[in-house]
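*Asks:* Let's see this in three dimensions:
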Amino acid sequence: MAGNTGRLAAALLMGAAAMATGTVAEAASFDRSAWEAGRGNDTGRNPRAGQVAALRESGAVRPGTPRDAVRALLGAPENVSESAEGARELYSLGIGFGGSLEYFAVQYDEGGKVTRASLVRG
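*Replies:* Got it, this is the predicted structure:
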């Protein structure tokens, strides 16, 4: 079981890294209704967690994507932090491996364009 957990965590992290490099495809496999159903769900059964791979495959959130386009796809984030370098928006994925809350984090530059998208633990 521990080996499977590690492999799944590694696959999610590799998917986030691939998404951050800008893999281009259509967003057809991403299920907006499943993503929205996960809003406010901080359990280990958040449907958003299963949508991260679809986001990676779609390339819909990649460097250069405008904030308005990300928000049109993902809705409003649960948390926003601003700095001189730009903003970071967090979308809750619920409790992940190891019992920590996990988030899909989207980093923007000062012009409101995505610079990076990744998984983070809170």
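*Asks:* For the rest of this, base every contact and every neighbour count on C-alpha atoms.
*Replies:* OK.
*Asks:* Centre of the chain to the longest strand along the chain, how far?
*Replies:* Criterion DSSP state E: the longest strand present in the chain is strand 86-95. Strand 86-95 sits 7 Å away from the centroid of its parent chain (CA atoms, centre = their mean, to the nearest Å).
*Asks:* And the residue nearest the centre of this structure?
*Replies:* Phe104 (2.9 Å; CA atoms, centre = their mean).
*Asks:* one step back: and the next element down the chain from the longest strand of the chain?
*Replies:* strand 101-108 (DSSP states H and E).
*Asks:* Who does whichever helix or strand comes after that next one pair with, and is each partner parallel or antiparallel?
*Replies:* Past strand 101-108, further along toward the C-terminus, the next helix or strand under DSSP H and E is strand 114-121. With DSSP bridges as the test, strand 114-121 is paired with strand 101-108 (antiparallel).
*Asks:* Output the below-cut-off pLDDT ranges for this structure.
*Replies:* 1-28 (pLDDT under 70).
*Asks:* circling back: can you give me every residue that contacts the residue nearest to the centre of the chain?
*Replies:* Residues near Phe104 by CA atoms under 8 Å, 6 or more residues apart in numbering: 52, 90-93, 117-120.
*Asks:* ok, 7 Å please
*Replies:* 90-93, 118-120 (CA atoms under 7 Å, 6 or more residues apart in numbering).
*Asks:* Just give me the closest of the residues you listed to Glu110.
*Replies:* The closest of the contacts of Phe104 to Glu110 turns out to be Leu90 (CA to CA; 16.9 Å).
*Asks:* can I assume that closest one is in contact with Tyr103?
*Replies:* Yes. Using CA atoms under 7 Å, Leu90 is in contact with Tyr103, at 5.8 Å.
*Asks:* ok so, going back, can you put the contacts of Phe104 in JSON lines and add distance to Arg56?
*Replies:* Shown next, in JSON lines, are those (distance: CA to CA, whole Å):
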{"residue": "Leu90", "distance to Arg56": "16"}
{"residue": "Tyr91", "distance to Arg56": "15"}
{"residue": "Ser92", "distance to Arg56": "16"}
{"residue": "Leu93", "distance to Arg56": "15"}
{"residue": "Ser118", "distance to Arg56": "10"}
{"residue": "Leu119", "distance to Arg56": "11"}
{"residue": "Val120", "distance to Arg56": "15"}
